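K.L.:
structural data only, the sequence is not supplied:
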DNA sequence: CTCTAAGCGAGACGGTACGTCAGGTCTTGCT
DNA sequence: AGCAAGACCTGACGTACCGTCTCGCTTAGAG
């Protein structure tokens, strides 16, 4: 019957979005520019995506974002583990392309809150889960009070990383240390 | 020697920006729209502001933002005071106009980081200062460890409020309570 | 492969130009005005014409101008024939719309000499040809000296008509008569 | 009582107009440009001239135009005299600045017919008068028929020069010769 | 010899139009 | 059908001038 959707075109558009975001920032990205860069007709873009934000969303979901793709090592030292994660997601902000992606995420959140919320959730969730699990484990070995609310802590970590991203510059090592210390002291056994 | 700048025009533009932000959101604001709404010529806008973001900045600086203009009561109870502030700045996110302003601030930060950083600093500073002072007082009365880093705590509060704003919805009372408890436990004497 | 140029839009623009010229004069014609009147986007105009003058040129070439579309009767009487033509092209200057068109032609010539020259040539040519032929015939029947330069005469006629147009008012019958008499006496057998 | 009009400003504006016309053409001249070039405020221009055309008019009247300032020698040879004038006014069209002035005159005529007519008359009049007188003298010495209408002839000369100016290029020597011969043969005794 | 009514430069102001860019819809012909 | 190409209408962009309007300063005559 009909011709199936061209995967080639789809990937080309997403790749063009990723490139454009890094190169010029989300605000400067245009549908026309994407179409030209991807060698795809505007119609094809409009046929499959409802908005620029939607393309960004798909592009980010299929790609990777800084802080999200860090492999998260688990050692015996809770504080060291959390410091490692916060540090890793923070140093990403030293790389221009990661800053661009983070900013794009923020921009789309401010513009299209619905989608923004979905994306933020999507990216925050695995981190929150990982932190919750790590703390749960810490409770088992007696490093953390058993009545501590792991979700609240996890959110504090994510909020801290998010705030640093909004600022567009990495946290100092000292700041990372002090922040982790503060939060852990709040739940220490 | 020429005619001096019209304060009337300036105020009209800033007011139009504030109205437009609340009504349609930052992305939908147009220089043409502002000019029409303010009954000012486009040229007058371009003469005095380099960008839409700059107008927003000036409008916000001369106006007020949610969480920034809350009068901050000081009682004997540190935890209650901080809970009061976080709660107040959070409930602002229940009002659509405040959400719009917060989102505009985020949008401009993502688009024009330079200006965004300046604005964020400008709005965060008084809060950070107040929290630092409040904690300093708490140290004096022995509620807080004297070696606690007040700046790190203050930043955690601001990050939490900022993250809630990015999400666009207020924190629950329970969440406010738990967050403040967590952070204070980290510095309790 | 793309959508072909819209003939409808093209004709609407040319018609709008003709109407606008007659109504307000060439200087008052605006691309924006044409676009609105023709219910066409500005972009469409800029896509196909490099300048206002070019639109005028095309409009005139596809339409008609006074003195150019007079059917030119040929009788046995050379003097009467030439008088008839000069008179006809002159009386056009009594009609406001013709005056407007003539003025537009002059304006475009003064502004864009290249195009103006082309248009003037385009409109003068058939007249010059007709006059040259008519005189050639008159040579055959012995009304005119065989060594007369028909081109020079024809140019005098055109110059006279053009000068009247520049002045914006018709020649009196008496002036027409005297002018034709003068020129013919110069080449009479 | 008050301060009298500044002659310095007036001359500066007229000079700026003359320079601008030659350099860019009448259409490209702007009041703002004149003001800047003449180091005069816009207000001063608007105080004393109703329109751009009026400035041009005054500038031309106080300056000189090609064909108008030729000193007109009178010899015994009528044909040579007329040929000399037509040739002189034609060669002016070889100089770019003269072409620019002539075109400006035509442009203003097409735009502001009232003023244009006045200017054309102003410049044509002395020429017509001179030709009429020269022919009158020729009648006296018997070179020209006494019943010839000198005005019609004079107009033919002016129309020829005007048409050449509209074309923007000089007449060839041969064309000058042929034209003068034709016109004189029409009135020869 | 002061007063004062204009002239003057500078340039801000509300406008209109410029020529460009992108958005989103559509048509055409190929696959 | 899907797709590349690109014309179309729409509307905003940032710029250039328009003609009007203060400003603060000079610069005459009239008192």
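P.N.:
On my side now, so go ahead. This is a predicted model, so every value here is computed, not measured. Numbers count the residues shown, from 1 in each chain, chains lettered A, B, ... in the order given.

K.L.:
so does the helix or strand bottoming out on mean pLDDT in chain A get close to chain B?
P.N.:
Ranked by mean pLDDT, DSSP states H and E, the weakest helix or strand in chain A is helix A:96-111, scoring a mean of 85. Yes: looking at helix A:96-111 against chain B by C-beta under 8 Å from any C-beta of the partner chain, the contacts come from A:103, A:104, A:106, A:107, A:109, A:110, A:111. C-beta coordinates here come from the backbone N, C-alpha and C atoms, glycine included.

K.L.:
wait, what's in contact with the residue nearest to the second one when sequence neighbours are not counted?
P.N.:
Across the structure, with C-beta to C-beta, 6 or more residues apart in numbering or on different chains as the measure, the residue nearest residue A:104 apart from its sequence neighbours is residue A:26 (3.9 Å). For residue A:26, the contact set (C-beta atoms under 8 Å, 6 or more residues apart in numbering or on different chains) comprises A:56, A:100, A:103, A:104, A:107, A:108, B:110.

K.L.:
is any part of the longest helix seen in chain A close to chain B?
P.N.:
Counting residues, the longest helix found in chain A (DSSP state H) is helix A:113-140. Yes: for helix A:113-140 and chain B, the contact criterion (C-beta under 8 Å from any C-beta) is met by A:113, A:116, A:117, A:120.

K.L.:
ok, the second one - contacts?
P.N.:
Which is residue A:116. Applying C-beta under 8 Å, 6+ apart, the residues near residue A:116 are A:53, A:105, A:108, A:109, A:110, B:166.

K.L.:
where does it land on pLDDT?
P.N.:
With respect to pLDDT, residue A:116 scores 87.

K.L.:
one more: the one 5 residues further on?
P.N.:
What the model reports as pLDDT for residue A:121 is 85.

K.L.:
likewise residue A:66?
P.N.:
Reported pLDDT for residue A:66: 50.

K.L.:
now do residue A:36
P.N.:
So residue A:36 comes in at 96 (pLDDT).

K.L.:
if I pick it, what's in contact with it?
P.N.:
Taking C-beta under 8 Å, 6+ apart as the definition, residue A:36 has no contacts.

K.L.:
next one: it relative to residue A:30, how far apart?
P.N.:
Here the criterion is C-beta to C-beta, to the nearest Å. By it, residue A:36 lies 9 Å from residue A:30.

K.L.:
cool, and residue A:113?
P.N.:
According to C-beta to C-beta, residue A:113 and residue A:30 sit 22 Å apart.

K.L.:
between these two, which one's more packed in?
P.N.:
The residue with more neighbours, out of residue A:113 and residue A:30, is residue A:113; 18 against 13, by other C-beta atoms under 10 Å in any protein chain shown.

K.L.:
from what I can see that one touches residue B:169, true?
P.N.:
No: with contacts counted by C-beta atoms under 8 Å, residue A:113 stays clear of residue B:169, the gap being 9.3 Å.

K.L.:
follow-up on the earlier one: wait, which of the residues of helix A:113-140 next to chain B is closest to DNA strand F?
P.N.:
If you rank those by distance to DNA strand F using C-beta to the nearest atom of the strand, residue A:113 comes first, at 21.6 Å.

K.L.:
who's the closest spatial neighbour of the closest one, skipping the chain neighbours?
P.N.:
Distances taken as C-beta to C-beta, 6+ apart place residue B:168 nearest to residue A:113, at 5.0 Å, with adjacent residues excluded.

K.L.:
wait, the one you found touches residue A:117, no?
P.N.:
Yes: the pair residue B:168 and residue A:117 passes the contact test of C-beta under 8 Å, sitting 7.1 Å apart.

K.L.:
so these two - more neighbours on which side?
P.N.:
Remark: of residue B:168 and residue A:117, residue B:168 carries more neighbours, 19 against 15, as counted by other C-beta under 10 Å.

K.L.:
now that one: phi and psi?
P.N.:
Here is the backbone geometry of residue B:168 (degrees, to the nearest 10): phi 80, psi 10.

K.L.:
can you pull the contacts of it?
P.N.:
Each residue near residue B:168 by C-beta under 8 Å, 6+ apart is listed here: A:113, A:117, B:93, B:99, B:102, B:103.

K.L.:
need these in a markdown table (columns: distance to residue B:124).
P.N.:
As requested, the contacts of residue B:168 are exported to a markdown table (distance: C-beta to C-beta, whole Å):
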| residue | distance to residue B:124 |
| --- | --- |
| A:113 | 22 |
| A:117 | 23 |
| B:93 | 16 |
| B:99 | 18 |
| B:102 | 13 |
| B:103 | 17 |
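
K.L.:
can you pull the pLDDT of the residue of chain A found nearest chain C?
P.N.:
As assessed by C-beta to the nearest C-beta, chain C sits closest to residue A:41 within chain A, at 9.7 Å. Note for residue A:41: predicted pLDDT of 97.
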